[in-house]
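Trainee: turn this into a structure:
(2 chains)
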Amino acid sequence: MIVTMIAHVTVTVHPDSTGIVEYLTVFVLAAFVGIEVVSKVPSILHTPLMSGSNAIHGIVLVGALTIMGEARGTAQLVLGFLAVFLATLNVVGGFVVTDRMLEMFKSKPRERAPARSGEAEEPGEPT
Amino acid sequence: MTTAASLPLATVRDLVYLLAVIGFILALKGLGSPRYARRGNWLAAAAATAAIAVTFTLPSLRHSGRNLALALVAMALGALVAVPVARLVKMTAMPQLVAIFNGVGGGAAALISIMELLRLHSVGLKPAVYVTAEVLLGVLIGSVSFSGSAIAFIKLQELITGRPITYPGQQATNAVVAVAIGALIVAALVSGNIVFVYVLLGLALVLGVIFVLPIGGADVPVLISLLNSFTGLAVAASGFVLDNDLLIVAGTLVGASGIILTRLMSAAMGRSLPNILFSAFGAVITATGGEEGDASRSVRTGTAEDVGVLLAYARKVVIIPGYGLAVAQAQHTVRELADALSARGVDVFFAIHPVAGRMPGHMNVLLAEANVPYDDLKEMDEANAEMSNADVALVVGANDTVNPAAKTTPGSPIYGMPIINADEADNIIFLKRSMRPGFAGIDNELLYDPKTTMLFGDAKDTLQKLVAAVADA
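Mentor: As a prediction, the model looks like this:
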C-alpha cells in the first residue's frame, strides 16, 4: 500500500498541476496509509505517538514559509509572520517534547536492551 | 546527487518533499514500536528539517529580502520559545503541552488558508469554487482546533474547573452556531465574497470553545487526540490550497492516525466517542453523589506504620498508580517503596490501567522516568488475572479506574469501563488526598469496603513514610 501511494505521489506531483482529483487521490491513499500504520501500536506508546504525530503536522511550517514568500502589503506580512511563528512552535516544540517522552523509555533492561545497548544509561530527571 | 544540479530547482524541491513523506510514514511506523520509537521521532524531525530547509529555495522567498528576513525572525522566535518550554515543563504537564503545540499548528493552517485567499483577491483573481471550498475547510478546521486546544489547555492547567461546563440553552446555542456556519459556507461558496470567510473565522473560533467547554477533565485527553487529528486535516486543507503534496500527505497521515488513536483511547474508557463529546459527563453527578458520601458514611483510616508492616510481610503486593501519583510527583518514591519490598522478597508489580494518569501510556512514561523496570509494569488484563492472589492492592492516587461501580451499577456514568479489580485483593490500601471523587465525579464504594484502609495525604509524603515503615518492620 505504501509503495502504491509513493508511486502515485511521484506520478502526480507536478508544479503547475491544479487537478483537484489528483490531490484527492493522494489524500485518500494517504488516509489509508495513516490508518494502516497506526492500527498496530501498543497502548503504552499512545501518548508518544500522539505527540509525535502532533510534531509531524508541524510541517505546516513549509506551507507558512511558502505563503510568506508571496506576502505583499502589511496585513499579509503580519499574518505570514504569525503563521510562521505558530508553525515553528508546533514543529520544534512537538519534536522536542516527543523526544523527551521517549527518552524515558531508554534505560529498560531485558526487552529493550538490544536496541539501546550503544547508549549510556542515565538516571531519570529529578523532579 | 550529481545530476541534481542539472535538474530544475522545483523538481529537486518536490523530490526532497517526497523523501520527507517517506520519512514521516516510516517514523509513524517506528513510533508504534518500543524499540524504534525514539529513532522514529528523530527520523521525522530530520525529514521535517530537510523539507523546511529546501523550502527556502522557493524563488519568491529568495527574491524578497524583506519576506525572507521576516520569516527567519519568526522561526527564530518560535524556536526560542518552543525549546525551553518543551524541555522544562514537568512530565505531568505533558498533555496540556501537546494541546498547546497542537493548537498553534491549527492556527497556522487557518492563517495560511486565509492568506492564500487574500493573495488571490489582491492580484485580482476570482478563485475557483473548489479553491474557496478548500480555504473554508482549512479556516474552519484549523480555527476549531486552535480555540478548542486553548480551552483544553486551560482546563488541564486547572485555570478553570476541569468539570464539564454547562449553561442554560447550551444545546440551542450550539445548534445556532452550527447552522450559522453551514449558512456561511454556502454564502461564501455562492458569492465568493471574502467577508464571509472572516465571519466564518470568528464563528469557528467560537465553535471550538463551546465544543470543548462541556467536556470533563477526564475526557480531555481523548479530545486532544481528536483535535490533533483535526489539525492534521487542516494542514491537509492548506496543502490543497497551496497545491502542496507534502502538506496533503503529512496532514492526512496525522488526520487518519489521530482518528484511530482517538477511538482506541475512548475504547479504553469503555465509552463511545459521541458519548464523550456530547454527554457533559460528570456534570450532574458531582452535585449529588460526591458530597453526601463523606458526610454520612465512615471509612477506616490507618497509620503508615500499620500499613508498612502489612506490606513488609505480604507475599504479593500490587501497586495501582493513578493521576494523584503524577500530581504528587511521587513516581521516584513509589519506585523506592517497590524496591524496598522486593528486597524483602515481596512479589511486587504495578498494575497500569490504560487511562491511568491522563493519557494512555502516560503512567508508563512517568514510571519509566523513575527507572521502574519495564517487566514490573503489567497491563490491566494481565494484572487482573493475578489480582485474586494479591495480599495487598496499594492504590496510589487512583479512584475511578478501580471503582467497582463500573461493573456493578448499570446506571453509573462509568458503567462498562474496564477497571482494575482491586476489590479482589485481600487488603486494599488507598493513598488519597481526600474523600473527593475522581474525575468522573462519582462516589467509590470501594472506599467504604471493610477490607479497605485509607491513608490520607499527599501521595509522596505518605509513600516516604511507608518506605521508612517498611525499613523498620
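
Trainee: pLDDT of stretch B:159-166, averaged?
Mentor: Taken as a whole, stretch B:159-166 has a mean pLDDT of 79.

Trainee: now the terminal residues of that stretch, how far apart.
Mentor: Stretch B:159-166 has an end-to-end distance of 17 Å (criterion: Cα to Cα, to the nearest Å).

Trainee: now swap in stretch B:160-168 and tell me
Mentor: End to end - Cα to Cα - stretch B:160-168 spans 19 Å.

Trainee: got the buried residues for that stretch?
Mentor: Within stretch B:160-168, the residues that qualify as buried are B:G162, B:R163, B:P164, B:I165, counting by 16 or more other Cβ atoms under 10 Å in any protein chain shown. C-betas here are computed from N, CA, C, even on glycine.

Trainee: ok, and the closest non-adjacent residue to the first one?
Mentor: Okay, so that is B:G162. B:G217 (2.7 Å; Cβ to Cβ, 6 or more residues apart in numbering or on different chains).

Trainee: how close does that neighbour sit to B:L367?
Mentor: With distances taken as Cβ to Cβ, to the nearest Å, B:G217 is found 22 Å from B:L367.

Trainee: what of B:G251?
Mentor: 34 Å.

Trainee: out of these two, which sits in the more crowded spot?
Mentor: Counted by other Cβ atoms under 10 Å in any protein chain shown, B:G251 and B:L367 do not tie: B:G251 has more neighbours, with 33 against 29.

Trainee: pLDDT at that one, what is it?
Mentor: 96.

Trainee: and it, how far from chain A?
Mentor: 6 Å (Cβ to the nearest Cβ, to the nearest Å).

Trainee: which ones are touching that residue?
Mentor: A:H57, A:I59, A:V60, B:A109, B:G232, B:L233, B:A234, B:V235, B:A236, B:A237, B:S238, B:G239 (Cβ atoms under 8 Å, 6 or more residues apart in numbering or on different chains).

Trainee: switch the cut-off to 6 Å
Mentor: Shown in contact with B:G251 (Cβ atoms under 6 Å, 6 or more residues apart in numbering or on different chains): A:H57, B:G232, B:V235, B:A236, B:G239.

Trainee: domain map for chain B?
Mentor: B:96-281, B:300-472 (automatic domain parsing).

Trainee: element containing whatever residue of the stretch 1-150 of chain B ends up closest to chain A, please.
Mentor: With Cβ to the nearest Cβ, the shortest gap between the stretch 1-150 of chain B and chain A falls at B:G78, namely 2.7 Å. B:G78 is part of helix B:65-88 when elements are defined by DSSP states H and E.

Trainee: and the next element down the chain from that helix?
Mentor: Proceeding N to C from helix B:65-88, the next assigned helix or strand is helix B:94-122, under DSSP H and E.

Trainee: now that next one: buried residues?
Mentor: Buried-residue list, helix B:94-122, by 16+ other Cβ under 10 Å: B:94-120.

Trainee: once you drop chain neighbours, what's closest to B:A74?
Mentor: That would be A:V84: by Cβ to Cβ, 6+ apart, it lies 3.8 Å from B:A74.

Trainee: what sits against that neighbour?
Mentor: Applying Cβ under 6 Å, 6+ apart, the residues near A:V84 are A:A64, A:M68, B:A71, B:A74, B:M75.

Trainee: so which of those is the closest to B:A314?
Mentor: Of all the contacts of A:V84, B:A314 sits closest to B:M75, with 56.5 Å by Cβ to Cβ.

Trainee: and the closest residue to A:I35 other than its chain neighbours, how many residues sit next to it?
Mentor: Distance criterion Cβ to Cβ, 6+ apart; nearest residue to A:I35, sequence neighbours excluded, is B:A256 at 4.9 Å. Neighbour count of B:A256, defined by other Cβ under 10 Å: 26.

Trainee: tell me how far the residue lying closest to B:N444 once chain neighbours are set aside lies from B:H353.
Mentor: Closest residue to B:N444 apart from its sequence neighbours, by Cβ to Cβ, 6+ apart: B:N403 at 4.6 Å. Counting by Cβ to Cβ, the separation of B:N403 from B:H353 is 11 Å.

Trainee: please apply the same query to B:S143.
Mentor: 35 Å.

Trainee: quick one: the helices in the stretch 151-300 of chain B?
Mentor: Here the stretch 151-300 of chain B has its helices, by DSSP state H, counting those that start in this stretch, at B:170-191, B:194-212, B:220-242, B:245-268, B:273-278, B:283-285, B:291-296.

Trainee: same thing with the stretch 351-473 of chain B?
Mentor: B:362-369, B:380-387, B:405-408, B:459-472.

Trainee: any buried residues in the longest one, and which?
Mentor: Residues B:A459, B:K460, B:T462, B:L463, B:Q464, B:K465, B:L466, B:V467, B:A469, B:V470 are the ones in helix B:459-472 that count as buried (16+ other Cβ under 10 Å).

Trainee: how far away from the center of its chain is that helix?
Mentor: On the basis of Cα atoms, centre = their mean, to the nearest Å, helix B:459-472 sits 32 Å off its chain's mean C-alpha point.
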